[in-house]
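structure for the following, please:
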Amino acid sequence: MNVYLSFDYELFFGAKSGSANQCIIEPTDQLLNVASKHAIRLNFFVDSGYLLALEKYSKRYSSVAYEKQQVYRQLKQLAEAGHDCQLHIHPHWEDSYYDGNGWKMNTDRYRLDHFSDEQMQEIIQSYFAVTKDVCGAAPIAFRAGGWCLPPWDKVADTFKKLGVWIDSTVYEKGFLEEGKIKFDFRNAPALDQWLFEKDPMIQDPIGYFLELPISSVRFSPLFFWNLYVRGRLNRGLHASMGDGVPMAQPGTKKKVLTGYSQQALSCDGYYASVLKEEFDKRKKFGDDTMVVIGHPKAQSRFSVQKLDEFILSVKDSCTFARYSDLQQD
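Below you'll find the predicted structure:
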């Protein structure tokens, strides 16, 4: 089985973005240390709008110039070490800015379909170009920010032109309509990968695009009660390394504490505790692929420890793969 450990390389998008050092640089270094220890490679979906913002505001503020230097240096280092850098688009960077003290996030236009068709093409092309330039290789895989896939018929030709032929956004039975976030994967195939052409939800055996979905997990309320209790009892172990604030999602906490929920398989925080169990299930059923999502900003001492243990326990019975390996096939 191929296991893809993928991480969205980004700041927070709530009232406080957090610092690049604590949200990105330091936790990514810890992840890279784990990967080096086990001689495996990771996948990073790089928030390309952030890279463009660093470029723009580094010309005005020395603090951003330093931030840019640190982020660009790390991205070059991880690319040189053989880790993947792929395309991650959060288009709200078009409206966000640096005010001299920090990043001010404007998420009114959070999804690509909040922009005109022409603007969507321009965003994809410019975000692709900066990722290629900074990381040294053209991305071939895409992940939509906040799981908010754009209308594929409006972006397919642009992705084809750029050579981006893999999507890794969908997760089985995923659904959310909360504020600016909107996605519905409830009709997606119950498969660990499939080809598609016009719609990532519809399998097409001769489609140009490959959907490599994030693996999906059904959680009981008990899991989240454990998560919240453990976080309160041992904050030093379970606190996120990032120093920012997530986007508000009113009502989400109540939903997960009172009913079953479908979530993307994650290695963030306490979620990392289920990695081995989920791997064993997929191995038993003969799945070829398991895709794990994570975020450097949401790592904790607990999650890094659990990720290390997980890799050690399964590395002899699977391949830790990169999206770029599929290009070579």
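
and the lowest-mean-pLDDT helix or strand in the chain, what's buried?
Sorting the helices and strands of the chain by mean pLDDT, DSSP states H and E puts helix 252-258 at the bottom, at a mean of 84. By neighbour count on 16 or more other CB atoms under 10 Å, the buried set for helix 252-258 is Val256. In this view, the C-beta of every residue, glycine as well, is placed from N, C-alpha and C.

pairing partners for the helix or strand following it, with directions?
Next along the chain after helix 252-258, taking DSSP states H and E as the criterion, comes strand 261-264. Here strand 261-264 has these sheet partners by DSSP bridges: strand 216-219 (antiparallel).

would Val291 count as being in a strand?
Yes - under DSSP: H, G, I helix; E, B strand; the rest coil, Val291 sits within a strand.

surely it touches Glu211?
No - using CB atoms under 8 Å, Val291 makes no contact with Glu211, being 10.3 Å away.

which residues are in contact with both of those two?
Between them, Val291 and Glu211 share these contacting residues under CB atoms under 8 Å, 6 or more residues apart in numbering: Ser168.

for the stretch 151-300 of the chain, give me the ranges with low pLDDT.
251 (pLDDT under 70).

return the distance of the least confident helix or strand of the chain from the chain's centre.
Put simply, helix 252-258 sits 23 Å off its chain's centre (CA atoms, centre = their mean, to the nearest Å).

quick one, which residue of the chain lies the farthest from its center?
Going by CA atoms, centre = their mean, the residue of the chain most distant from its centre is Arg60, 29.3 Å out.

from Lys68, how far off is it?
12 Å (CB to CB, to the nearest Å).

ok, Asp108 next?
25 Å.

excluding chain neighbours, what is closest to Glu67?
Leaving aside its sequence neighbours, Glu67 sits nearest to Ala20 (CB to CB, 6 or more residues apart in numbering; 4.8 Å).

might one say that the one you found is in contact with Leu11?
Yes - Ala20 lies in contact with Leu11 (CB under 8 Å); the separation is 7.0 Å.

which of those two has more neighbours?
Ranked by neighbour count (other CB atoms under 10 Å), Ala20 and Leu11 place Leu11 first, with 28 against 21.

measure the more buried one to Ser168 for me?
Going from Leu11 to Ser168 by CB to CB gives 21 Å.

then Ser215?
For Ser215 relative to Ser168 (CB to CB), the value is 11 Å.

list residues touching both of the two?
Common neighbours of Ser215 and Ser168 (CB under 8 Å, 6+ apart) are Val291.

and Asp108 and Lys68? which has more neighbours close in?
Higher neighbour count among Asp108 and Lys68: Lys68, with 22 against 9, using other CB under 10 Å.

which ones are touching Lys154?
Counted by CB under 8 Å, 6+ apart, Lys154 has contacts Asp113, Asp117, Met120.

quick one: residues contacting the second one.
For Asp117, the contacting residues are Lys154, by CB under 8 Å, 6+ apart.

show me the contacts for the closest residue to Phe320 other than its chain neighbours.
Spatial nearest neighbour of Phe320, excluding adjacent residues (CB to CB, 6+ apart): Ile40 at 3.9 Å. Applying CB under 8 Å, 6+ apart, one finds that Ile40 lies in contact with Leu5, Ile311, Lys315, Phe320.

element containing Ile40?
Using DSSP H and E, no helix or strand contains Ile40.

give me the local confidence score for it.
If you check Ile40, the pLDDT there is 98.

how near is it to Pro189?
28 Å.

ok, now Gln125?
29 Å.
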